[in-house]
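Asker: Give me coordinates for this.
(chains A and B)
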Amino acid sequence: NAGVTQTPKFQVLKTGQSMTLQCAQDMNHNSMYWYRQDPGMGLRLIYYSASEGTTDKGEVPNGYNVSRLNKREFSLRLESAAPSQTSVYFCASAQGQSQETQYFGPGTRLLVL
Amino acid sequence: GENVEQHPSTLSVQEGDSAVIKCTYSDSASNYFPWYKQELGKRPQLIIDIRSNVGEKKDQRIAVTLNKTAKHFSLHITETQPEDSAVYFCAASLYNNNDMRFGAGTRLTVKP
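Answerer: This is a model prediction of the structure:
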């Protein structure tokens, strides 16, 4: 049981390049989330998916798109990376939506030059 | 939307002392308040949570208190140990997890 996994662990991009961050969970959870973590700002929700086939914007969605490919996988895409998107990205999952523990992946460190 | 403020940003204590981290929230409708611990280079992990229908919850050396009237909640760690050194985040949300707002974090250092 791997829990929540993310790939890649680290990525360097040039401004304007695109990439997709991958996330998968093997806990049969319904809800999945993408956060970014910046120094001194805690975790901020980018997008979430309450169930397979649905996605919604969080607090900071601009510049990102997501896909809930199936129940297990939730990807985050940067179409045209900007230096302001340099951050650590965490994927998380939870059984439901209602005040339940969120389990986080190991994170992806992204540097945009 | 909800706004969560967390204090202090850094906290240093001697091993065996107690540590207290405080958070305030803005939306009186928030009713779920989890605390996450993040060790250096690791993922955040839930350590304790509290719902608005209770005022205090304990789990061994960790306790959380909630004051709904004042809209603040606190994490208390007693008999601190070096392995308690980490960044701690508070959070607040309404009924569902989909708009969880986190505090900026507190870096706790426990000196042996």
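Asker: Dig out what residue 66 forms beta bridges with.
Answerer: All of this is about chain A. A:Leu76 (DSSP bridges).
Asker: Please refer instead to chain B.
Answerer: Counting by DSSP bridges, the residues bridging with B:Leu66 are B:Phe73.
Asker: Contact partners for it?
Answerer: Applying Cβ atoms under 8 Å, 6 or more residues apart in numbering or on different chains, we find B:Leu66 in contact with B:33, B:50, B:52, B:54-56, B:72-73. (Each C-beta comes from the backbone N, C-alpha and C, glycine too.)
Asker: could you measure B:Pro44 against chain A, distance?
Answerer: Distance of B:Pro44 to chain A, computed by Cβ to the nearest Cβ, to the nearest Å: 5 Å.
Asker: I meant to write B:Lys37 there.
Answerer: 11 Å.
Asker: one step back: which of the contacts of B:Leu66 fall in strands?
Answerer: Judged by DSSP state E, strands contain the following of the contacts of B:Leu66: B:33, B:50, B:56, B:72-73.
Asker: Pick out whichever of these sits closest to A:Tyr103.
Answerer: B:Phe33 (18.0 Å; Cβ to Cβ).
Asker: Do I have it right that that closest one meets B:Phe73?
Answerer: Yes: counting by Cβ atoms under 8 Å, B:Phe33 touches B:Phe73, with 5.0 Å between them.
Asker: who touches both of these two?
Answerer: Contacts common to B:Phe33 and B:Phe73, judged by Cβ under 8 Å, 6+ apart, are B:23, B:25, B:50, B:64, B:66, B:90, B:92.
Asker: picking up where we left off before, mind putting the contacts of B:Leu66 into a markdown table with distance to B:Thr106?
Answerer: Below are the contacts of B:Leu66 laid out as a markdown table (distance: Cβ to Cβ, whole Å):
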| residue | distance to B:Thr106 |
| --- | --- |
| B:Phe33 | 15 |
| B:Ile50 | 17 |
| B:Ser52 | 22 |
| B:Val54 | 23 |
| B:Gly55 | 22 |
| B:Glu56 | 20 |
| B:His72 | 14 |
| B:Phe73 | 13 |
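Asker: Strands along chain A, start to end?
Answerer: A:4-7, A:10-13, A:19-25, A:31-37, A:43-49, A:56-57, A:65-68, A:74-78, A:87-94, A:103-104, A:108-112.
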